[in-house]
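In: Output the structure for:
(chains A and B)
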Number of protein chains: 2
Amino acid sequence: MKNFLKKFREDSFRQELWEREAKIIVAVSGGPDSACLLDVFCELRKKYALELIIAHVNYNLRGKDSAGDEKFVLKLAEKYGLEAEILRPKIKSKKNLENNLRDIRYAFLEKIRYERDFHWIAVGHNLDDQAETFLQRLIRGAGMRGLCGMQFKNGKIIRPLLGFLRCEISEYLKLRKLKYRTDKTNQENIFLRNRIRHQLLPYLEKNFNPRFRETLFQTAVSLGEDYALIENWSQEFFQKNRDLSVKKILSLPKALQKRIILKFLREISGQLKNVESAHLEEILKIFKSRKNKNQNIHFQGLKIERKGDKVTIVKKMAEECEFSQN
Amino acid sequence: MKNFLKKFREDSFRQELWEREAKIIVAVSGGPDSACLLDVFCELRKKYALELIIAHVNYNLRGKDSAGDEKFVLKLAEKYGLEAEILRPKIKSKKNLENNLRDIRYAFLEKIRYERDFHWIAVGHNLDDQAETFLQRLIRGAGMRGLCGMQFKNGKIIRPLLGFLRCEISEYLKLRKLKYRTDKTNQENIFLRNRIRHQLLPYLEKNFNPRFRETLFQTAVSLGEDYALIENWSQEFFQKNRDLSVKKILSLPKALQKRIILKFLREISGQLKNVESAHLEEILKIFKSRKNKNQNIHFQGLKIERKGDKVTIVKKMAEECEFSQN
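Out: Predicted structure coming up:
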């Protein structure tokens, strides 16, 4: 346990996650990771004069289990003498559920942070999560954006447990005799992830690299830094260039061309869904075309039109959309 | 076979690999990939008015087999009515052999290209090579630089077979009844790669994604584009800033800090070996240090010293090196 706390502090300081007298919101689901995270922060609270509160989101999607989680978190709050903020959002649509829940959760956490003038929002992701996500995305197909891992720090979100293996966290919980809740949907729903966790990773560690999880973790962190860099640069270009010149776009390195076009599409559309690299290739074709004719493409309710050197993207009117369906 | 040629042309045109009347050096080892590559180019020679020559390197490392390869390539040259340039380099040191051979090969190919005023050097890498290299590096640990794949085009080097599976190439050879040489060292030496080829990839394709090879290939190509971008940018910064200011380096995004320091180290040293991310972290520490004292680090015969805002890197004199060993 001493080693655990030592590594926790070392990781935190090296990554500049929090400092003396920091005000930290701890996101607690009730699962093992967040139970551990909360306990560690409470251990360090006095020494570093930390101010802590708990935040919990009850989506109420698992009936009794959800109510049980909330109750459990409230008990933790009592045990550690902390305030707890609970959100019970109404889920309107079950479309794209996982992403929606994440958006709701982070918006809520950020709202509390802002209103209460706290510094950081701590969440409990661990090294195994990172490695599994990496493999999951690699298997399904991903570029840098998909492969880049969660970062120790991302804006106001901090992940002090990101450098810990799941088994180290379990060990800590055991030694400290801490309770936690088990989310049953974890075992049922997330089929691919479970096969990665229980089959692929053990297979790779047995046959190829006994520390493959840690290796993947490093790769993901490093790709994440690179991704942040490219994103910043393309954002800068996007902000300086308010329209799409064929000449300018084609003079950019390949890696930027599609990223910039995507930014323009997103800005105009506001609600773009699942744009794949192949779609962007299609759109790039009208940039590359040497025909003199004006050209256009219709895509997700947008009209992308080239006249000479300029490409414009406009939202189609409702009638236009209907018309193009006839 | 028709489909093979069609895809070959499509890939070539989409990636802008070669054009009508191109003058192309085909690098031929005698193995299946280069035998296929050569045959395809000869099939297309007339229609596209291509000018072709063969280049072959005989390292003479495998006795009779090496001589046999050379003979085989000369026979191919005769069969297709092409000139063949043969290099028989003297291998001085067997240290870091694989990298040395590659350097020798590419220097030779580029020399012929330059002297003869040819446009492109075509090499036979295929999609399986790409996928295997990716997994090999992922398993051993790599960031973007390691994971980014071979590109269809890289300077004057073109890889028109990069989009083809090994089995598609075999199929082509079989249909055209073409002969090729088998490199026995392939089966003996390259242990990890063979386990990836014969165990890991089939396992992943059977259990997780039947088209995993193609998926990895796309990922590698896309990371390669991103890598080129970051490399260009850091090269630009490096050329504009001829000394190392602590303030400037620390104001850069994380992903650039280490890359730029590495460029300075490489320039001063000229012969840096295996620099790992951890070494660069160590060096970065003297940038980040808030102590006012002058500080220095000794690293691979270099002295890295900070005075105030400036960090200098100098080669240590021979005596200094000896001294620091005492």
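In: Of all the residues in the stretch 1-150 of chain A, which one is nearest chain B?
Out: A:G143 (3.9 Å; CB to the nearest CB). Placement of C-beta: from N, CA and C, glycine included.
In: for that residue, what are its contacts?
Out: A:277, B:218-219, B:222-223, B:226 (CB atoms under 8 Å, 6 or more residues apart in numbering or on different chains).
In: quick one: it and B:E225, what's the gap?
Out: According to CB to CB, to the nearest Å, A:G143 and B:E225 sit 9 Å apart.
In: got any residues that touch both of the two?
Out: Counting by CB under 8 Å, 6+ apart, nothing touches both A:G143 and B:E225.
In: these two touch, right, A:I249 and A:F287?
Out: Yes. Between A:I249 and A:F287 there is a contact at 5.6 Å, judged by CB atoms under 8 Å.
In: what about the helices in the stretch 51-200 of chain A?
Out: A:64-80, A:97-116, A:127-140, A:144-147, A:166-175, A:184-188, A:191-195 (DSSP state H, counting those that start in this stretch).
In: What's the separation between the nearest residue to A:W18 once chain neighbours are set aside and B:L50?
Out: Residue nearest to A:W18 in three dimensions, not counting chain neighbours: A:W120, with 5.5 Å by CB to CB, 6 or more residues apart in numbering or on different chains. A:W120 sits 62 Å away from B:L50 when distances are taken as CB to CB.
In: How about A:P202?
Out: In terms of CB to CB, A:P202 sits 51 Å off from B:L50.
In: same check, this time on A:L135
Out: 43 Å.
In: Which one of the two is surrounded by more residues?
Out: A:L135 (23 against 20; other CB atoms under 10 Å in any protein chain shown).
In: Show the contacting residues for that one.
Out: Applying CB under 8 Å, 6+ apart, the residues near A:L135 are A:196, A:200-201, A:216.
In: same thing with A:K75?
Out: No contacts exist for A:K75 under CB under 8 Å, 6+ apart.
In: Read off the pLDDT value for it.
Out: In this prediction, A:K75 carries a pLDDT score of 97.
In: before we move on, what about A:E320?
Out: pLDDT, read off for A:E320, is 50.
In: I'd like the distance between A:G81 and A:L173.
Out: 20 Å.
In: and the two? which has more neighbours close in?
Out: A:L173 (17 against 9).
In: The more buried one touches A:Y180, doesn't it?
Out: Yes. In this structure A:L173 lies within contact range of A:Y180 using CB under 8 Å: 6.4 Å.
In: what sits in contact with each of the two?
Out: Joint contacts of A:L173 and A:Y180 (CB under 8 Å, 6+ apart) are A:32, A:35-36.
In: Make a markdown table out of the residues you listed and add distance to chain B and secondary structure.
Out: Output for those, formatted as a markdown table (distance: CB to the nearest CB, whole Å; DSSP: H, G, I helix; E, B strand; the rest coil):
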| residue | distance to chain B | secondary structure |
| --- | --- | --- |
| A:P32 | 27 | helix |
| A:A35 | 31 | helix |
| A:C36 | 27 | helix |
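In: Can you tell me which residues in chain A are near chain B?
Out: A:138-144, A:147, A:192, A:195, A:199-200, A:203-204, A:207-209, A:212, A:215-216, A:218-219, A:222-223, A:225-226, A:228-230, A:232-233, A:253-256, A:277 (CB under 8 Å from any CB of the partner chain).
In: burial measure for A:L178, as a count.
Out: 15.
In: In this structure A:D226 contacts B:M144, no?
Out: Yes. Counting by CB under 8 Å, A:D226 does reach B:M144; the two are 5.1 Å apart.
In: tell me, what's touching those two both at once?
Out: Common neighbours of A:D226 and B:M144 (CB under 8 Å, 6+ apart) are A:144, B:226, B:230.
In: Columns distance to B:D309 on top of those, output as TSV?
Out: Compiled in TSV, the shared contacts of A:D226 and B:M144 are given as follows (distance: CB to CB, whole Å):
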residue	distance to B:D309
A:M144	33
B:D226	32
B:I230	26
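In: Now render these as a markdown table, adding distance to B:E43 and pLDDT.
Out: A markdown table is the format used below for those (distance: CB to CB, whole Å; pLDDT from 0 to 100):
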| residue | distance to B:E43 | pLDDT |
| --- | --- | --- |
| A:M144 | 37 | 88 |
| B:D226 | 35 | 90 |
| B:I230 | 39 | 90 |
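In: Of those residues, which is the most crowded?
Out: B:D226 (24 neighbours).
In: before we move on, back to that, intersection of neighbour lists for A:I249 and A:F287?
Out: A:257, A:311.
In: picking that back up, of the contacts of A:L135, closest to A:H56?
Out: A:I196 (27.8 Å; CB to CB).
In: quick one: that closest one from A:H298, how far?
Out: From A:I196 to A:H298 the distance is 38 Å (CB to CB).
In: likewise A:P253?
Out: 28 Å.
In: Equivalent analysis for A:L265, please.
Out: From A:L265 to A:H298 the distance is 12 Å (CB to CB).
In: The two: which has the busier surroundings?
Out: More crowded of A:L265 and A:H298, by other CB under 10 Å: A:L265, with 20 against 13.
In: Buried residues, the longest helix belonging to chain A. List them.
Out: For chain A, the longest helix by residue count, based on DSSP state H, is helix A:212-240. For helix A:212-240, burial by neighbour count (16 or more other CB atoms under 10 Å in any protein chain shown) applies to A:212-230, A:233-234, A:237-238.
In: residues in contact with the closest residue to A:R159 other than its chain neighbours?
Out: Sequence neighbours aside, A:H125 is the residue nearest to A:R159 in space, at 4.9 Å (criterion: CB to CB, 6+ apart). Residues near A:H125 by CB under 8 Å, 6+ apart: A:33, A:150, A:159, A:161-162.
In: Please report how far A:H125 lies from A:E168.
Out: Taken as CB to CB, the span from A:H125 to A:E168 is 14 Å.
In: now swap in A:K273 and tell me
Out: From A:K273 to A:E168 the distance is 39 Å (CB to CB).
In: When the two are compared, which one has more neighbours?
Out: A:E168 (18 against 7).
In: List the buried residues of the helix or strand hosting A:I260.
Out: Applying DSSP states H and E as the criterion places A:I260 in helix A:254-269. In terms of neighbour count (16+ other CB under 10 Å), helix A:254-269 has its buried residues at A:254-265, A:268-269.
In: check contacts around the closest residue to A:S234 other than its chain neighbours.
Out: Counting by CB to CB, 6+ apart, A:S234 lies nearest to A:R259, which is 4.5 Å off, once chain neighbours are set aside. Residues near A:R259 by CB under 8 Å, 6+ apart: A:230-231, A:234.
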